[in-house]
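Participant: One predicted model, sequence on top.
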Amino acid sequence: MAEPSSAALNQLRDKIDQADKELLEVLRRRLDLVAEVGTIKHAEGLPIYAPKREANMLAKRRAEAESMGISPQLIEDLLRRMMRESYVSEKDVGFKRINPELGSVVVIGGGGKLGGLFVHLFQLSGYDVHIIEQHDWDNAPALLADAGIVVVSVPIDVTEQVIAQLPPLPKECLLVDLTSIKQAPLAAMLKAHSGPVLGLHPMFGPDVSSLAKQVVVVCHGRGQEKYQWLLDQITIWGARLHEAAATEHDQAMQLVQAMRHFTAFVYGMHLKREHADIEQLLQFSSPIYRLELAMVGRLFAQDASLYADIIFSQPDSLVRARHYLDRYQQALELLESGDKQGFNKTFADVADWFGDFAQQFQHESANMLMMANDSRSN
Ligand SMILES: NC(=O)c1ccc[n+]([C@@H]2O[C@H](COP(=O)([O-])OP(=O)(O)OC[C@H]3O[C@@H](n4cnc5c(N)ncnc54)[C@H](O)[C@@H]3O)[C@@H](O)[C@H]2O)c1
Ligand SMILES: O=C(O)C(=O)C[C@]1(C(=O)O)C=C[C@@H](O)C=C1
């Protein structure tokens with residue numbers, strides 16, 4: 001059924017259409033300028049993500065918007081969305097090759113999801129890239145003979161075994177892994193190779209449109225002066241590096257990844273066993289619940305074995321999951337005994353523990369929820 005309208009409304013709508021067309025022209029002009037920026041950055045080897053420039057630009061545009069009676073948040077939202085477009089367009093121009101002297105890049109597991117993304121990034125940067133997959137090991141000695149860097153990106157549960165089966169690498173060759181856990185692969189690489197070794201954990205999946213603002217955890221192995229070029233290359237790709245000891249990384253990942261995936265897994269299991277009707281839940285959902293459901297649902301759109309490996313490969317997973325169960329049990333007891341006061345007290349204790357982060361998270365999630373709501377069309 002057509003939406004109600006009137007002649008006066010239609011006249012105004014024509015003018016809005018005209019204003020939107022002008023907006024499109026401005027967008028076209030901005031995209032063309034950004035394409036030129038991309039060419040310069042490629043030639044000069046500059047990172048696609050320029051946080052200081054962004055912060056300055058946003059501050060100025062916010063102030064200008066305010067003086068024009070426009071909400072500063074509106075211009076910030078628009079600019080951030082446009083900059084996301086910039087990252088993709090600048091990425092597609094390609095990147096400067098930071099290490100022109102390097103021998104070939106060999107990605108073991110390069111036919112997989114994350115390995116494939118890195119193959120693409122190295123290729124966009126002009127490196128000579130080869131892949132070793134499960135059934136290619138006969139070619140491995142020939143491919144590895146003049147490798148300048150070997151990147152291991154195979155499933156977690158075979159990573160140590162793959163590292164151990166590497167033939168001797170050239171002395172100066174850099175050995176790197178992208179595994180979601182760090183202690184065991186790093187130890188295996190240091191044992192297998194006497195040259196430079198580096199552990200990386202890209203904190204993103206293969207579906208990112210660019211590396212701008214993404215985090216890569218860096219666990220130093222051996223010979224940083226020999227692999228600084230790679231860290232610089234990753235920065236040019238747009239990512240932010242976060243250095244951590246492998247033990248610190250694995251402990252943090254226990255909560256950030258293993259436990260979070262495990263609780264999402266249990267919640268998905270619970271919804272299934274309760275015969276929840278997802279269509280119906282969505283009709284009744286506030287944006288925050290929709291987002292929560294999406295966070296759980298997206299887990300099940302992915303590879304079970306990656307999540308199984310992340311959860312099962314962490315030695316502390318069982319202990320942490322038991323602790324979680326204990327806390328669930330304690331909270332359940334409050335409910336069983338109708339102890340609302342106890343619930344409120346625990347709530348206040350936890351809120352106190354979150355401190356200023358609670359406000360910060362409320363503010364951040366409010367923005368996310370508005371964006372999630374904007375993208376709905378039904
Ligand atoms: N996918 C992600 O979101 C993500 C994020 C961060 C880190 N990681 C890490 O990246 C690594 C790869 O994960 P993925 O998601 O790309 O998995 P994937 O299953 O998509 O890719 C793994 C690849 O390794 C290949 N492979 C398996 N055994 C091999 C062997 N013996 N020799 C050579 N190749 C072999 C497979 O054929 C496959 O192509 C894992 O260590 C994972 O922890 C993944
Ligand atoms: O000015 C730059 O360096 C750009 O690449 C352009 C631009 C933008 O779209 O305005 C995009 C990415 C940077 O992080 C900052 C700004």
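Facilitator: Nice, I can see it. Values in this document were obtained by computation on a predicted structure and should not be read as measured data. Ligands and ions are numbered 1, 2, ... in the order given.
Participant: Going along the chain, name the strands of this protein.
Facilitator: Remark: strands assigned in the chain by DSSP state E are 104-108, 129-132, 147-152, 174-177, 197-202, 215-222, 240-243.
Participant: Looking at those strands, which one is packed in the most?
Facilitator: Highest mean neighbour count among the strands of the chain (mean count of other C-beta atoms under 10 Å): strand 174-177, with a mean of 26. Every C-beta, even on glycine, is put in place using the N, C-alpha and C of the backbone.
Participant: what sits up against that one?
Facilitator: With contacts defined as C-beta atoms under 8 Å, 6 or more residues apart in numbering, strand 174-177 is touched by 148-153, 159, 163, 166, 169, 185-186, 189, 192-193, 195-200, 221, 223, 226-227, 230.
Participant: who does that strand pair up with?
Facilitator: strand 147-152 (parallel), strand 197-202 (parallel) (DSSP bridges).
Participant: Out of those, the one nearest residue 16 is which?
Facilitator: strand 197-202 (42.8 Å; C-beta to C-beta).
Participant: quick one: is that closest one near ligand 1?
Facilitator: Yes. Using C-beta under 6 Å from any ligand atom, strand 197-202 comes into contact with ligand 1 via residue 202.
Participant: Quick check: residues of the stretch 51-200 of the chain near ligand 1?
Facilitator: 108-109, 111-115, 132-134, 153-156, 158-159, 162, 178-180.
Participant: hang on, the earlier thing: would you mind giving the strands of the chain as TSV with mean pLDDT and distance to residue 277 added?
Facilitator: Shown next, in TSV, are the strands of the chain (pLDDT from 0 to 100; distance: least, C-beta to C-beta, whole Å):
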stretch	mean pLDDT	distance to residue 277
strand 104-108	98	44
strand 129-132	98	44
strand 147-152	98	44
strand 174-177	98	43
strand 197-202	98	37
strand 215-222	98	37
strand 240-243	98	41
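Participant: Distance to residue 275 added to the ones you listed, as TSV?
Facilitator: Output for these, formatted as TSV (distance: least, C-beta to C-beta, whole Å):
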stretch	distance to residue 275
strand 104-108	44
strand 129-132	44
strand 147-152	43
strand 174-177	42
strand 197-202	38
strand 215-222	39
strand 240-243	42
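Participant: so which of those strands comes closest to ligand 2?
Facilitator: Ranking those by proximity to ligand 2 (C-beta to the nearest ligand atom) places strand 240-243 first, at 11.9 Å.
Participant: Just give me how far the closest one sits from the chain centre.
Facilitator: With C-alpha atoms, centre = their mean, to the nearest Å as the basis, strand 240-243 stands 13 Å off its chain's centre.
Participant: contact partners of that strand?
Facilitator: Residues outside strand 240-243 that contact it (C-beta under 8 Å, 6+ apart): 49, 203, 213-220, 231, 234-235.
Participant: Which of those residues sits closest to residue 331?
Facilitator: Out of the contacts of strand 240-243, the member with the shortest distance to residue 331 (by C-beta to C-beta) is residue 203, at 30.0 Å.
Participant: Nearest spatial neighbour of that closest one, chain-adjacent residues omitted?
Facilitator: Leaving aside its sequence neighbours, residue 203 sits nearest to residue 215 (C-beta to C-beta, 6 or more residues apart in numbering; 4.3 Å).
Participant: again, but for residue 368
Facilitator: residue 291 (6.9 Å).
Participant: partners of residue 240 in the sheet?
Facilitator: Here residue 240 sits in beta bridges with residue 215, going by DSSP bridges.
Participant: For residue 217, see how far away it is.
Facilitator: 10 Å (C-beta to C-beta, to the nearest Å).
Participant: what residues are up against residue 210?
Facilitator: With C-beta under 8 Å, 6+ apart, residue 210 has these contacts: 48, 87-88, 90-91, 237-238.
Participant: and the residue nearest to residue 281 when sequence neighbours are not counted, how many residues sit next to it?
Facilitator: Spatially, and ignoring its direct neighbours in sequence, residue 281 is nearest to residue 293 (6.7 Å; C-beta to C-beta, 6+ apart). The number of residues packed near residue 293 is 18, by other C-beta atoms under 10 Å.
Participant: In contact with residue 293, which residues?
Facilitator: By C-beta under 8 Å, 6+ apart, the residues touching residue 293 are 278, 281-282, 285.
Participant: Check the gap between the closest residue to ligand 2 within the stretch 51-200 of the chain and ligand 1 for me.
Facilitator: Using C-beta to the nearest ligand atom, the single residue of the stretch 51-200 of the chain nearest to ligand 2 is residue 86, 3.3 Å away. Distance, residue 86 to ligand 1, by C-beta to the nearest ligand atom, to the nearest Å: 24 Å.
Participant: cool, residue 360 as well?
Facilitator: From residue 360 to ligand 1 the distance is 26 Å (C-beta to the nearest ligand atom).
Participant: Now do the same contact list for that residue.
Facilitator: With contacts defined as C-beta under 8 Å, 6+ apart, residue 360 has no neighbours.
Participant: Skip the chain neighbours and tell me the closest residue to residue 190.
Facilitator: Leaving out its chain neighbours, the residue that sits closest to residue 190 by C-beta to C-beta, 6+ apart is residue 197, at 5.4 Å.
Participant: what's the distance between the one you found and residue 220?
Facilitator: Taken as C-beta to C-beta, the span from residue 197 to residue 220 is 9 Å.
Participant: ok, what's across the strand from residue 132?
Facilitator: Beta-bridge partners of residue 132, as defined by DSSP bridges: residue 108.
Participant: wait, it sits on residue 141?
Facilitator: No. Judged on C-beta atoms under 8 Å, residue 132 makes no contact with residue 141 at a distance of 10.5 Å.
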